[in-house]
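>>> Got a sequence here, can you model it:
(one chain, ligands or ions: 2)
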Amino acid sequence: MPHHGYLTAIAILIATSVSTKCHQAYGAIQAADPESIVQQSKAPPTWWKQAVFYQVYPRSFKDTNGDGIGDINGIIEKLDYLKKLGIDAIWINPHYDSPNTDNGYDIRDYRKIMKEYGTMEDFDRLITEMKKRNMRLMIDIVINHTSDQHAWFVKSKSSKDNPYRDYYFWRDGKDDQAPNNYPSFFGGSAWQKDDKFGQYYLHYFSKQQPDLNWDNSNVRQDLYKMLRFWLDKGVSGLRFDTVATYSKIPGFPNLTQRQLKNFSEEYTQGPNIHRYINEINREVLSHYDIATAGELFGIPLDQSIKFSDRRRNELNIAFTFDLIRLDRDNDERWRRKDWNLSQFRQVIDKVDRTAGEYGWNAFFLDNHDNPRAVSHFGDDRPQWREHSAKALATLILSQHATPFIYQGSELGMTNYPFKKMDDFDDIEVKGFWHDYVKTGKVNAEEFLQNVRQISRDNSRTPFQWDASKNAGFTTGTPWLKINPNYLEINAANQLNDPKSVFNYYRQLIKIRHDIPTLTYGNYVDLDTKNDSIYAYTRNLGSEKYLIIVNFKEKTMRYTLPNNLSINTTIIENNAKSSTKKNDTLLVLEPWQSGIYKLN
Ligand code: TEU
Ligand code: CA
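Ligands and ions are numbered 1, 2, ... in the order given. Okay, the predicted model is just below:
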């Protein structure tokens, strides 16, 4: 819908009163006239602001050749499922040739398809099939580091005077120690000694992921050629992995004890980061009609605006992590902390203010690096799972940001019931184990209690398509265990159930497409201190919508502030008493959520 042009969308809306056959029919919506909306939003309407994105983790989405690993043909097979959901654009995690020490984030050849995922012909067919369905593809760009099996690194380590030597960071040790005290995100030191010449190479992530030297213009130019290769194939979006760490601190000084406690931030403070991203934009991105997103892991929130401020010509969309990691330590990244709704909504408020008039955010409550949304921010116990999944969906699809739905969240898929360490696949969990349990700092049971809830593997278990063997994901042995709750939670038993989480997502996506104020309207939190009812408005011109969620498992009464009153119910979930015109008091059942047009 959004690609037919923004004004057409509004015209269609005006022409037809929107109502659905679903169990929550919502009244006719009269949106404001298109001109005023475009003017009021001050920014040119853009497809990537109006689009609803869906993140596919290819490895776990659909296997079509029985090797237990998802593949590109599996994505093609399921495009009609995603079209039915109402998805406009898909972000896929890395699809390039890789030894998979970090599930594709260790790239061996940027211009080859990972053999487990298929062939370049499969990839080209994916693009063609998506274009037929008016869907756009965003690919993952991992250029902070390569695999240690990449040809550049093989040459680089072969000799000190090889032209590729300074494609990476090689340094002498000090007193047979690493060049400095940098830790790796995946445990241990960020320096790996190479015995051939006794030098060390830098790797912020695993030792199989050596960091590229962005200060070398040959590296940058080779990477820009690679970007053009994929963009010329018709890709419509790029997600830049760990984008703030490309520039390193000159001289690699030791981190102080205080800096070590939040080294993720230190790694984003390189002096040239914006010069490099601006160069990528000037040399590559600005020549294509695409959406670009930056994974701003580690960046302090107040600095995040620099990456998406459209006046700076860097990137379009900011992925920030203050919300999804509000219950995580920067230091002990394996530990989970308690959180409350007031903290949750104050982060959203701050992220929205930070973007201001010229920036733009993604909004997401889970991804492949974080636990499942309904287990993390909802309540995945049987009596609340569906209600809270629909409530979180309501939040995701009514924010002043581009929504990213992570695969399976549209079904209310949950965390996996991990029991012991060898249930985990993730290199990050193994790195934490090495740093914290093997060194005796933390006892194994406390460690397990925490990583069970925060591990990236929670969201990487195979997609649950149906109740057949292996949840219909594979006819082979799945690469990672399938959640045993696939018998109850799967796509097959939700597609035709009007009350399913899937169909709630489908309705919400349609509502978001039909009401531009939910995309462009400003965001006003009605009471950031309220710890039970999350209520905010979205406003554009004379249009005002209320979004409300009862985060508690008990019935709550909520009086609308500032003389606000209900005009029409757009959609609501788990309501006992239907909300009426001019109501100012809402009685909200546990995990009740809704979107309402206000007078
Ligand atoms: O993640 C960047 C990153 O820092 C996160 O991995 C973070 O360290 C941790 O996972 C949060 O719990 C990106 C990719 O999203 C991730 O999958 C890769 O492992 C990483 O970069 C290296 O490419
Ligand atoms: Ca396969």
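>>> Residues of this protein that sit close to ligand 1?
102, 105, 142, 185, 205, 241-242, 295, 297, 368-369, 428, 456 (CB under 6 Å from any ligand atom). Using the backbone N, CA and C atoms, a C-beta is placed for each residue, glycine as well.
>>> Now secondary structure, distance to Ala491 and neighbour count too, for those, in JSON lines please.
Putting those into JSON lines (DSSP: H, G, I helix; E, B strand; the rest coil; distance: CB to CB, whole Å; neighbours: other CB atoms under 10 Å) gives the following:
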{"residue": "Asp102", "secondary structure": "coil", "distance to Ala491": "28", "neighbour count": "22"}
{"residue": "Tyr105", "secondary structure": "coil", "distance to Ala491": "27", "neighbour count": "25"}
{"residue": "Val142", "secondary structure": "coil", "distance to Ala491": "29", "neighbour count": "25"}
{"residue": "Phe185", "secondary structure": "coil", "distance to Ala491": "33", "neighbour count": "23"}
{"residue": "Phe205", "secondary structure": "coil", "distance to Ala491": "33", "neighbour count": "24"}
{"residue": "Asp241", "secondary structure": "coil", "distance to Ala491": "28", "neighbour count": "19"}
{"residue": "Thr242", "secondary structure": "coil", "distance to Ala491": "32", "neighbour count": "22"}
{"residue": "Glu295", "secondary structure": "strand", "distance to Ala491": "28", "neighbour count": "24"}
{"residue": "Phe297", "secondary structure": "coil", "distance to Ala491": "30", "neighbour count": "20"}
{"residue": "His368", "secondary structure": "coil", "distance to Ala491": "19", "neighbour count": "22"}
{"residue": "Asp369", "secondary structure": "coil", "distance to Ala491": "23", "neighbour count": "19"}
{"residue": "Glu428", "secondary structure": "helix", "distance to Ala491": "28", "neighbour count": "22"}
{"residue": "Arg456", "secondary structure": "helix", "distance to Ala491": "23", "neighbour count": "19"}
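>>> now, which of those sits nearest Asn599?
Comparing those against Asn599 with CB to CB picks out Glu295 as the nearest, at 40.9 Å.
>>> tell me the contacts of the nearest residue to the closest one once chain neighbours are set aside?
With sequence-adjacent residues excluded and distances taken as CB to CB, 6 or more residues apart in numbering, Glu295 is closest to Phe319, at 4.9 Å. Counting by CB atoms under 8 Å, 6 or more residues apart in numbering, Phe319 makes contact with Arg239, Ala293, Gly294, Glu295, Leu296, Phe297, Asn361, Ala362, Phe364, Phe404.
>>> burial count for the closest residue to Trp214 other than its chain neighbours?
In space, Trp214 comes closest to Tyr246 once its chain neighbours are excluded; the distance is 4.4 Å by CB to CB, 6+ apart. Tyr246 is surrounded by 26 other residues when neighbours are defined as other CB atoms under 10 Å.
>>> quick one: contacts for Tyr246?
Contact analysis of Tyr246 by CB under 8 Å, 6+ apart lists Ile143, Asn144, Leu212, Trp214, Gly270, Asn272, Ile273, Tyr276, Ile277.
>>> Return the member of those residues nearest to ligand 2.
For ligand 2, the nearest member of those is Ile143. The distance, counting by CB to the ion, is 26.3 Å.
>>> tell me which element the residue nearest to that closest one when sequence neighbours are not counted falls in.
Beyond its immediate neighbours in the sequence, the residue positioned closest to Ile143 (CB to CB, 6+ apart) is Leu223, lying 5.0 Å away. The secondary structure element spanning Leu223 is helix 217-231 (assigned by DSSP states H and E).
>>> Packing partners of the following helix or strand past that helix?
For helix 217-231, the following helix or strand on the C-terminal side (DSSP H and E) is strand 237-240. Of the remaining helices and strands, those touching strand 237-240 by 3 or more CB pairs under 8 Å, 6 or more residues apart in numbering; DSSP states H and E are strand 89-92, strand 136-141, helix 217-231, strand 291-295.
>>> Strand 237-240: partners in the sheet, and parallel or antiparallel?
Strand 237-240 sits in its sheet next to strand 136-141 (parallel), strand 291-295 (parallel), going by DSSP bridges.
>>> Which parts of the stretch 301-450 of the chain are strands?
Listed in chain order, the strands of the stretch 301-450 of the chain (DSSP state E, counting those that start in this stretch) span residues 317-319, 362-363, 402-406.
>>> Reformat those strands as CSV; add distance to Gly74.
Formatted as CSV, those follow (distance: least, CB to CB, whole Å):
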stretch, distance to Gly74
strand 317-319, 25
strand 362-363, 25
strand 402-406, 17
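>>> Can you say which of those strands is nearest to Leu487?
Using CB to CB as the criterion, the shortest distance between Leu487 and the strands of the stretch 301-450 of the chain is 21.6 Å, found for strand 402-406.
>>> Name the strands paired with the closest one and say parallel or antiparallel.
The pairing partners recorded for strand 402-406 under DSSP bridges are strand 53-56 (parallel), strand 362-363 (parallel).
>>> Please indicate which of the ones you listed has the most neighbours on average?
When neighbours are counted by mean count of other CB atoms under 10 Å, the highest per-stretch mean among the strands paired with strand 402-406 falls to strand 53-56, a mean of 25.
>>> With just CA atoms, put that strand into CSV.
As requested, the backbone C-alpha atoms of strand 53-56 are provided in CSV (Å, rounded to 0.1, in the frame of the first residue of the first chain):
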residue,chain,number,x,y,z
PHE,A,53,8.9,-4.5,8.4
TYR,A,54,9.2,-8.2,9.3
GLN,A,55,12.6,-9.6,10.4
VAL,A,56,13.3,-13.1,8.9
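>>> Quick check: what element follows it along the chain?
Read in the C-terminal direction, the helix or strand following strand 53-56 is helix 72-77, with elements assigned using DSSP H and E.
>>> Can I have the buried ones of the contacts of Phe319 as a ChimeraX selection?
Buried subset of the contacts of Phe319, written as a ChimeraX selection, criterion 16 or more other CB atoms under 10 Å:
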select :239,293,294,295,296,297,361,362,364,404
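>>> Strands of the stretch 51-200 of the chain, start to end?
53-56, 89-92, 96-97, 109-113, 136-141, 170-172, 191-194, 199-202.
>>> Quick one: residues in contact with the third one.
Among residues not part of strand 96-97, those counted as contacts by CB under 8 Å, 6+ apart are Gly104, Ile107, Arg108, Asp109, Tyr110, Arg111, Lys112, Ile113, Met114, Lys115, Val142.
>>> redo that, cut-off 7 Å
Gly104, Ile107, Arg108, Asp109, Tyr110, Lys112, Ile113, Met114, Lys115 (CB atoms under 7 Å, 6 or more residues apart in numbering).
>>> Same question for the first one.
Strand 53-56 is contacted by residues 75, 82, 87, 89-92, 367, 402-407 when judged by CB under 7 Å, 6+ apart.
>>> now do the longest one
The contact list for strand 136-141 (CB under 7 Å, 6+ apart) reads 88-95, 126-127, 130, 227, 230, 235-241, 291.
>>> buried residues in that strand?
Neighbour-count burial for strand 136-141 flags Arg136, Leu137, Met138, Ile139, Asp140, Ile141 (criterion: 16+ other CB under 10 Å).
>>> how many neighbours does the residue nearest to Lys160 when sequence neighbours are not counted have?
With CB to CB, 6+ apart as the measure, Phe197 is the residue that lies nearest to Lys160, at 5.9 Å, once sequence neighbours are left out. Residue neighbour count, defined by other CB under 10 Å, stands at 13 for Phe197.
>>> Just to check, Phe197 is in contact with Ser159?
No: counting by CB atoms under 7 Å, Phe197 sits too far from Ser159 to count as a contact (8.2 Å).
>>> Contact partners for the closest residue to Ser342 other than its chain neighbours?
Excluding its sequence neighbours, the residue lying closest to Ser342 (CB to CB, 6+ apart) is Asp531, at 5.0 Å. Listed by CB under 7 Å, 6+ apart, the contact partners of Asp531 are Asn340, Leu341, Ser342.
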